[in-house]
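> All I have is the shape, not the residue letters:
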């Protein structure tokens, strides 16, 4: 399976090509990520995931929002939350 380098923060939005911002992803996943989200800002992607894709019992939040919620919000005990994404 082929893979591509993906900028977590797009270069067009000030992202750099360093190890913090780059991740290796499968070529098909990379293609569809950009088909779905283009170079939208992370907050808009999170909003779309929350509205259209996630179980209503869950929500995608920024690190800043998570910090505001306190440590209890970070400790997911559900078995299906701990599964690895492939």
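Received the coordinates, thanks. Keep in mind that this is a model prediction, so the values were computed, not measured. Residues are numbered from 1 along each chain as shown.
> Going by neighbour count, list what's buried in whatever helix or strand residue 30 lives in.
For residue 30, the host element (DSSP states H and E) is helix 27-37. For helix 27-37, burial by neighbour count (16 or more other Cβ atoms under 10 Å) applies to residue 30. Yep, even glycine has a C-beta here, placed from its N, CA and C like the rest.
> Stretch 57-76 too?
Result for stretch 57-76 [16+ other Cβ under 10 Å]: no buried residues.
> now do stretch 17-27
Using 16+ other Cβ under 10 Å as the test for burial, stretch 17-27 gives residue 21.
> Kindly provide the distance from residue 58 to residue 29.
With distances taken as Cβ to Cβ, to the nearest Å, residue 58 is found 20 Å from residue 29.
> Likewise for residue 19?
As defined by Cβ to Cβ, residue 19 lies at a distance of 20 Å from residue 29.
> That concludes my questions; thank you for your assistance.
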